[in-house]
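Trainee: need the 3D shape of this:
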Amino acid sequence: MHNVAVLVLNQNYEPLNACNLRRAMVMIVGCKAEILENGRGFIHSVSRAWPIPSVIRLDYMIRRPLPRVRLCRKEVFRRDNYTCQYCGRRTRSLTMDHVVPRHRGGEHTWENLVSACPMCNRRKGGKTLEGAHMRLLRQPFEPRATGKYLFQPYLNQNGEWEKFLRGWWE
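Mentor: Just a heads-up that it's a prediction; the model follows:
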């Protein structure tokens, strides 16, 4: 039960993040958040029972800049749908490739990183696309941090979140 995800909404119902059950309970017991959705049962102490939350809303407003997707291996693979961007093979054993190699001035950015199967990555090596006689299936890009992109991995087990994400979906 400890690895249960809880959707955290800002005071204006904007989705902020997903936290674990322990963090959510600390906010609820500390009167910093209210439960909007439960139905997962109860947590019992000696003198009290609390509903296990699925969605909570903060009692105060968090001001923050628009979220961005973190640039890391996992997110590059996810953006590319776990597909090699050179041959189109769908696999979980992927590597990350710099389209323009770093030693040729390529940067470590969303627009220069793609998922590649080990075979294509070895074939391309430190060459440019032209030098390796390869081409990309699609141009790499920075994914937008929409509600759908950020919270999609949680929706299989937390379908009740959808109504809170609908306005922030696209």
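
Trainee: lowest-confidence helix or strand of this structure?
Mentor: Counting by mean pLDDT, DSSP states H and E, the chain has its least confident helix or strand at helix 147-155, which shows a mean of 79.

Trainee: which elements pack onto that helix?
Mentor: Counting contacts by 3 or more CB pairs under 8 Å, 6 or more residues apart in numbering; DSSP states H and E, helix 147-155 is packed against strand 5-9, strand 15-20, helix 162-165. Every C-beta, even on glycine, is put in place using the N, C-alpha and C of the backbone.

Trainee: which one of these lies nearest to Gly125?
Mentor: Shortest distance between Gly125 and the helices and strands packed on helix 147-155, using CB to CB, is found for strand 15-20: 39.2 Å.

Trainee: circling back: winner for burial among the helices and strands packed on helix 147-155?
Mentor: Comparing the helices and strands packed on helix 147-155 on average neighbours per residue, with mean count of other CB atoms under 10 Å, the densest one is strand 5-9 at a mean of 22.

Trainee: now do it against strand 15-20, angle only.
Mentor: 150 degrees (axes from the mean of the first three to the mean of the last three CA atoms, to 10 degrees).

Trainee: CA atoms of strand 5-9 as CSV?
Mentor: The C-alpha trace of strand 5-9 is given here as CSV (Å, rounded to 0.1, in the frame of the first residue of the first chain):
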residue,chain,number,x,y,z
ALA,A,5,0.2,7.1,-6.1
VAL,A,6,-1.9,10.1,-5.1
LEU,A,7,-2.7,13.0,-7.5
VAL,A,8,-1.9,16.4,-5.9
LEU,A,9,-3.9,19.3,-7.2
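
Trainee: what about it, distance to the chain center?
Mentor: 14 Å (CA atoms, centre = their mean, to the nearest Å).

Trainee: show me where the protein has its helices.
Mentor: 21-29, 73-79, 118-124, 129-132, 147-155, 162-165 (DSSP state H).

Trainee: so what's the residue count around the closest residue to Pro67 other than its chain neighbours?
Mentor: Leaving aside its sequence neighbours, Pro67 sits nearest to Ala145 (CB to CB, 6 or more residues apart in numbering; 4.2 Å). Using other CB atoms under 10 Å, the number of residues around Ala145 comes to 14.

Trainee: residue contacts, Ala145?
Mentor: 66-69 (CB atoms under 8 Å, 6 or more residues apart in numbering).
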